[in-house]
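Asker: Predicted model, plus sequence, below.
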Amino acid sequence: MTEPLILLGLESSCDDTAAALLRIDPDGVPAILSSVVHGQTALHADFGGVVPEIAARAHAEKLDICVREALAQAHLTLRDVQAVAVTSGPGLIGGVIAGVMCAKGIAAGAGIPLIGVNHLAGHALTPRLTHGVTYPYLMLLVSGGHCQFLIVRGADDFTRLGGTIDDAPGEAFDKTARLLGLPQPGGPHVEREATQGDPTRFRFPRPLLDRPGCDMSFSGLKTALLRARDEIVAEKSGLTRQDRADLCAGFQAAVRDVLAEKTRRALTIYLADSPEHPVIAVAGGVAANTAIRARLETGAAELGVTFVAPPLALCTDNAAMIAYAGAELYALGRRHDMTLAARPRWPLDHTSPAMLGSGKKGAKA
């Protein structure tokens, strides 16, 4: 490549409509020229979670606006763009369709290549965008809809070591917040309450720690919290502020312990291949939780592994990560035509059995 490559990225897999412009210089160094995200929190606030139909309609209304804003912030026009990359799965199918159709229209109208990107690959490759991490590295994707350990060996070469068999951690945090009358999204509010609570008052279960492997389960943990809450309400006819804080602290401690132990196991498997520069990277909104992140950093340091966490704006859903994943696929010669389909499920690891179930922020993969 002798000239810079400029890509437009589009993301609409759940409740964030996003567009971004990314430049790849001839030496391979990426630069985010603009990143626009229109969230939908207010649209779903009255429903306690994301409503797929509302989300899809909002994406259809906002995608072209996001593209115009991203181009304006980057001081570019579509004539400057060499390719368009779009999330084509997994996710809430209505939103994914909206993004794919928008990208097809742009590609056809501007006469530029179209690249379909796996949403999870966007997250998994973000450490290369932000920190220039070299292959192979271990990735913990931990968010509202997904939780899995991946060994990342290339832009389309992923080995899944384990994942959640039911609720993702972020989904469990959101459900906990609803059970305790806290606002959505629940993660930040549960974390804030936990700082005032006693994590030892309630001894919640640590699911699947008694079984080998890296798979996780968080649904039973949420049920245990529900039972503890109901016992307190039955005894006191309500919850005190301290009760709520203690419940949050106990729940967060259980999630932290499960993630820490499963990460240790995943690191052991990853390190068995003797990578030259061992790295574990995390992405997803739950990675912003201070207590969980601190435990993961400590565990990585104990094993002599570099810990990498991209900035929060690039951990949660965004289009810059989709543009970057598209750039890596573009370099491999990947192109799609107008038959590109939206996919509600799309595992990164093509050999491991599919993870079952569906999370609040999209289908498991």
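Answerer: Received the coordinates, thanks.
Asker: can you give me the helices for the protein?
Answerer: 41-44, 52-74, 93-110, 119-131, 169-179, 186-194, 219-236, 241-271, 290-302, 312-315, 320-331 (DSSP state H).
Asker: what comes up buried for the longest one?
Answerer: Read that as helix 241-271. Applying a neighbour-count criterion of 16 or more other Cβ atoms under 10 Å, one finds 243-263, 265-267, 269-270 buried in helix 241-271. Placement of C-beta: from N, CA and C, glycine included.
Asker: helices and strands around that helix, which ones?
Answerer: strand 137-142, strand 147-154, strand 157-163, helix 169-179, helix 186-194, helix 219-236, strand 279-283, helix 290-302 (3 or more Cβ pairs under 8 Å, 6 or more residues apart in numbering; DSSP states H and E).
Asker: What's the local residue count around the closest residue to Leu332 other than its chain neighbours?
Answerer: The shortest distance from Leu332 to any non-neighbouring residue, by Cβ to Cβ, 6 or more residues apart in numbering, is to Ala155 (6.1 Å). Neighbourhood size, Ala155 [other Cβ atoms under 10 Å]: 22.
Asker: Repeat that for Ala327.
Answerer: 26.
Asker: Below-threshold pLDDT in the stretch 1-150 of the chain: ranges please.
Answerer: For the stretch 1-150 of the chain, the stretches flagged by pLDDT under 70 are 1, 144.
Asker: Mind doing that once more with 80?
Answerer: The stretch 1-150 of the chain contains residues with pLDDT under 80 at 1-2, 45, 48-49, 143-146.
Asker: wait, what's in contact with the closest residue in space to Val51 that isn't next to it in sequence?
Answerer: In space, not counting the residues next to it along the chain, Val51 is nearest to His44; the distance is 5.8 Å by Cβ to Cβ, 6+ apart. Shown in contact with His44 (Cβ atoms under 8 Å, 6 or more residues apart in numbering): 15, 50-51, 54-55, 184.
Asker: let's go with 7 Å and repeat that
Answerer: 15, 50-51, 54 (Cβ atoms under 7 Å, 6 or more residues apart in numbering).
Asker: Just the buried residues of these.
Answerer: Using 16+ other Cβ under 10 Å as the threshold, 15, 50-51 are the buried ones among the contacts of His44.
Asker: re earlier: now, which of the contacts of His44 sits nearest Thr223?
Answerer: Using Cβ to Cβ, Val50 comes nearest to Thr223 of the contacts of His44, at 21.7 Å.
Asker: Excluding sequence neighbours, find me the nearest residue to Phe218.
Answerer: Leaving aside its chain neighbours, Phe218 sits nearest to Ala172 (4.1 Å; criterion: Cβ to Cβ, 6+ apart).
Asker: The one you found and Ala224, how far apart?
Answerer: Distance, Ala172 to Ala224, by Cβ to Cβ, to the nearest Å: 11 Å.
Asker: what do you get for Asp349?
Answerer: To Ala224, Asp349 is 30 Å away according to Cβ to Cβ.
Asker: repeat for Ala234
Answerer: According to Cβ to Cβ, Ala234 and Ala224 sit 16 Å apart.
Asker: Of the two, give the one with the bigger neighbour count.
Answerer: Taking neighbours as other Cβ under 10 Å, Ala234 and Ala224 compare with Ala224 leading, 18 against 8.
Asker: then stretch 183-192 to CSV, C-alphas only?
Answerer: Extracted C-alpha coordinates of stretch 183-192, given in CSV (Å, rounded to 0.1, in the frame of the first residue of the first chain):
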residue,chain,number,x,y,z
PRO,A,183,-31.6,2.8,36.8
GLN,A,184,-30.5,1.3,33.5
PRO,A,185,-27.9,0.6,32.2
GLY,A,186,-27.3,-1.2,35.5
GLY,A,187,-23.6,-1.8,35.5
PRO,A,188,-22.4,1.6,36.7
HIS,A,189,-25.2,1.9,39.3
VAL,A,190,-24.5,-1.5,40.8
GLU,A,191,-20.8,-0.8,40.9
ARG,A,192,-21.5,2.6,42.6
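Asker: quick one: stretch 325-342 to chain centroid distance?
Answerer: Once both centres are worked out by Cα atoms, centre = their mean, to the nearest Å, stretch 325-342 turns out to sit 21 Å from its chain's centre.
Asker: cool, stretch 330-346 as well?
Answerer: Its chain's C-alpha centre and that of stretch 330-346 lie 20 Å apart, by Cα atoms, centre = their mean.
Asker: I'd guessed Thr316 sits against Ala287; true?
Answerer: No: the criterion here is Cβ atoms under 7 Å, and Thr316 misses it with Ala287 at 9.2 Å.
Asker: OK, contacts around the residue nearest the centre of the chain?
Answerer: For the chain, the residue nearest the mean C-alpha position is Gly284 (3.7 Å; Cα atoms, centre = their mean). By Cβ under 7 Å, 6+ apart, Gly284 lies in contact with 123, 141-143, 170, 315.
Asker: Can you give me the distance of the residue nearest to Phe218 to Ile280?
Answerer: Taking Cβ to Cβ, one finds Ala172 at 22 Å from Ile280.
Asker: one step back: considering the contacts of His44, which is situated nearest to Gly304?
Answerer: Set against Gly304, the nearest of the contacts of His44 by Cβ to Cβ is Asp15 (38.6 Å).
Asker: Contact partners for that closest one?
Answerer: 39-40, 44, 50, 55.
Asker: ok, how many other residues are close to Leu78?
Answerer: Neighbours of Leu78 (other Cβ under 10 Å): 14.
Asker: Am I right that the residue nearest to Phe218 is in contact with Thr223?
Answerer: No: contact criterion Cβ under 7 Å: Ala172 and Thr223 do not qualify, at 10.2 Å.
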